[in-house]
Structures are given as C-alpha cells and as structure tokens.
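Colleague: quick one, fold the following:
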Amino acid sequence: MMYLSVLLLLGVALVAQASDPTRMAKFRTAYLYQDGDQTSCMAAIIDSRAAFITASCITLDDGKPDLTIKYKIHFSTTKNEEGPMISFTGDQVTFHPSYNPKTLENNIAIIQYDDDTTDGELNLFATKEFTGKTFVYNRRDYDIYENFWKSPQVFNQDSNDNDCESASPLFAANPDRYSCTSALTASFATEFCSIPYGVMYKQDTLENVLVSGIYSHSVDYGKNMCGDFTKVVSYYTLLWPYLGFAVNTLARGVSAFNATDRLTYTDTTMITMTAPTADQLQNTVVENGDLYPKQWVIEEAITNSASAVIGTQTASGDNSGDDDSVASSVESSSAGGGDSNNSSSDGLSQGQKIAIGVAVPASVIIITIGCIILYHIWKSKRQDKAWDPDAEASNLRTIALEMNTGEPYLMLPPYSQASGIPDSYVHHPLETDDKKVEI
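Modeller: Numbering: from 1, shown residues only. Next up is the predicted model:
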C-alpha cells in the first residue's frame, strides 16, 4: 500500500485508461521560456533541480548554448488542472556531447535550476527494460491569459507509423532511439496551426505510465503545420539511452523504473546515435526547435493576405490571385494526423469558416461591380438627349426625325440667357401645305 502511494505521488498511477486527460494531469508539466517568452518546447522533469529539454530549442552561440539569453522552466506546483505556474531560472544548459544541430542526432540537453519548493524526484523514467508498448503522447498548455493549466491533450498509439523510416534517414539509421507518429494537436500559438505533442510516455500491461521521450523534430511533406501540408511525421527522442548522460552531467543518480521495480539509475555509459547514411527527402521540410515564432508569422501572413485579397477585389472585381493561396492554407489548417483538434466531425472546421468568411464578402463585391458595369453599358446605349439650349434647334430636328413624323421643323433663333426669351419662343406659326405647326 505504501509503495502504491509512492507511485501515485510520482505520477505513476496504476489506473485504467492511459489516454484519460484527468490521469495525465497528475504528471508535472513544464515548459521552456526564453527571455520571458513561452516556447513550444516542453521539458521532461528529472527532479527538483534538472530536466531534459530538446537541444534545438536552445539558441546557439558558436555551437554552444547562448547564455546571454535568460532560460526559465515554468511548471505547475500541484498535480491538477487548476494549479498555478511557477518558474525557475536555468543556471546551466548542457548539450549532449554528440549533438549535431544539422542532422539532429542526439537532439537532447539538460537544463539545471533550483526548485526550493519541492523535495526529491518528480518523475520516474522508463529504462530500456521497461515493457511498455503503448505510446502516450501528451501536450498540456498553460493559458497565459486566464492563468491556469488547460486539460492535457492526449493521444495513444500502439506502434510507430509506417511512414517513419521512409520520411527520415535519421530514424532509418536509429529506429530504436525514437517513437514516431503523424498525430498532431491544436497549437496554443494560433488557431490556424497544428503542433506535435511535447512529451511521450509509455504504458505497460499493468498500466504503469512512465516518462519515456521528448519531442525532437518533424518531417513536413508540405510547407508548414498551418495548412498546405499533406502529411507531417513527428519524432520523439527516447530518453532511456540518455539516462547515463544525465548521471554524468548531474553527478547523481536518476530515478527510473524497469520491468518490475523502481530504482536509482547510476550507469554512466554514454550512448550516441548513428549518423544517417542518406540525405533528407526532397520536397520535405524538417521542423524543429521552438515552433511558435514561425506559426505567429504564418498567422499574420494569412490574416494580411486575406485583407489584401478583399481590397484587390474591391478595386478590380478580380478574385483570382492570392485568394487561392489563402484558401489553400486555411482550409488545410486542420488536416494534421491523429487526433488534431483543429476540426470537428459534426461541424465546419475553422478553415472552412474562414474560407466562407472571405468568399461571401468577395462574391457580394463582385456582383456589385458587375451591376455597376452593366448600368454604365445600358446608360451609354440610351437614346435620351440632354437638352442643350445652345443646340436647341438641332435637338428638335433630331427628336422629329426619331419620331418619324415627316413634319417640317422650325428653325428657331438661338437662345441667349443675356438677351432674354424672343417672342418667337412663345408663339411662332408657320404655314406649309395648309398645315400649322405651333411650338
């Protein structure tokens, strides 16, 4: 009973449904901040003084961590959805000695800080011997506007996707060092975008759930995760090979769990990845590090493009041009894999709503412009003559001819505003063939 209580305290709850967000909320969630800005990079907490982070989330300075930037770890103080967020400044950031920022081999680092509010371990890590087969992908955002931890977004998967090896030469060279999925979830940065999960857990048949991996990078077959992509495959670095790296860096053991028991991992063996033997596929983009800045730029571009399209259509009535690219980006913004939350099966997706919002005003503008053009064409073909006093006689002749009366017309003296109205304008009879014409 005491052992079960310890597991519950450490977030290794022995209950059913690993995909239950309520259960995953019991795990301490942590994010990396740089100079006060939240990144998309989550941390896998080792204990009250250190955490694993993705190395490509750290800004480089001549190949080393840029220590002019203030790094902080923000995480919840309690294991529930309403817990507050506190932060600790990173005193030291250490890259894995074989980290390659170009190929992303060994894309792992350790950040050290000092959390005086807690004692002991916060998480147990799965060792190589852990028999968990189910991958539990998790991302939990902190709402900086309402100041609370949102419910975790969770996705379960029993095996890697079939496209993992073909999409990444690095995975092909190191298939036992990653988990891989095409599942994405909604991005907290913008409603237009999707994003990979942050931390990966494993669950065994006894329903033990242990911290097992951290997001490394994605291979995008389109342009970005904010629409206009056909497929995204995301890779999560397994942490068991890097427990020795943690022991060497921290000079202390790391709490872990094998197939049956909790233990303190003290093996200092450093394990590295194998370099890829092939180049990255053409027409794919490798995305890694903090994804939020890119997504904010894309959101601004989509918004500005939509405004520009409406302005262009108002001026020219032409709805070609950028409209197609904007619609393409927006319509596919919810087309990620897995349980992406950008769309709903029982209603319009966010992209469809935006596309309709752009198309309907554009159609009204085009119809209005068309009506104006048709009115001018109709007006130009009318037979009406504007009455010009200086060309009055000519106008009268034209009217008579148009009426086809055959009647002779009267040549009237020109009208002058200065000389007043001549008598002939009042009454001027003309006798012709016994017919009288009065004007």
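Colleague: make it CA atoms for all contacts and neighbour counts henceforth
Modeller: Fine.
Colleague: Tyr292 is in contact with Glu191, isn't it?
Modeller: No: applying Cα atoms under 8 Å, one finds Tyr292 not in contact with Glu191, separated by 11.9 Å.
Colleague: so the two - more neighbours on which side?
Modeller: Set Tyr292 next to Glu191 and count neighbours by other Cα atoms under 10 Å: Tyr292 wins out with 20 against 17.
Colleague: how close does the more buried one get to Phe192?
Modeller: To Phe192, Tyr292 is 12 Å away according to Cα to Cα, to the nearest Å.
Colleague: next one: Asp47
Modeller: 35 Å.
Colleague: can you get me a residue count around Ala173?
Modeller: Ala173 - counted by other Cα under 10 Å - has 16 other residues nearby.
Colleague: for the residue lying closest to it once chain neighbours are set aside, what are its contacts?
Modeller: In space, and not counting its chain neighbours, Ala173 is closest to Pro276: 5.5 Å by Cα to Cα, 6 or more residues apart in numbering. Contact analysis of Pro276 by Cα atoms under 8 Å, 6 or more residues apart in numbering lists 103, 169-173.
Colleague: all strands of the stretch 1-150 of the chain, in order?
Modeller: Along the stretch 1-150 of the chain, counting by DSSP state E, counting those that start in this stretch, strands occupy 30-34, 37-42, 44-47, 50-53, 60-61, 64-65, 71-76, 85-89, 92-95, 109-112, 125-126, 134-139, 142-143, 148-149.
Colleague: out of these, flag the one nearest Ala246.
Modeller: Proximity to Ala246 (Cα to Cα) singles out strand 109-112 among the strands of the stretch 1-150 of the chain, at 7.2 Å.
Colleague: parallel or antiparallel, list what pairs with that closest one.
Modeller: In the sheet, strand 109-112 lines up against strand 50-53 (antiparallel), strand 92-95 (antiparallel) (DSSP bridges).
Colleague: ranking these by burial, who's on top?
Modeller: Most buried of these, by mean neighbour count (mean count of other Cα atoms under 10 Å): strand 50-53, with a mean of 25.
Colleague: which helix or strand in this structure has the lowest average pLDDT?
Modeller: helix 2-9 (a mean of 35; mean pLDDT, DSSP states H and E).
Colleague: in contact with Phe88, which residues are there?
Modeller: Neighbour list for Phe88: 72-74, 113-115 [criterion: Cα under 8 Å, 6+ apart].
Colleague: cool, and Leu239?
Modeller: By Cα under 8 Å, 6+ apart, the neighbours of Leu239 are 125-126, 212-214.
Colleague: give me the below-cutoff pLDDT ranges for the stretch 51-200 of the chain.
Modeller: For the stretch 51-200 of the chain, applying pLDDT under 70 flags the ranges 77-87, 115-122.
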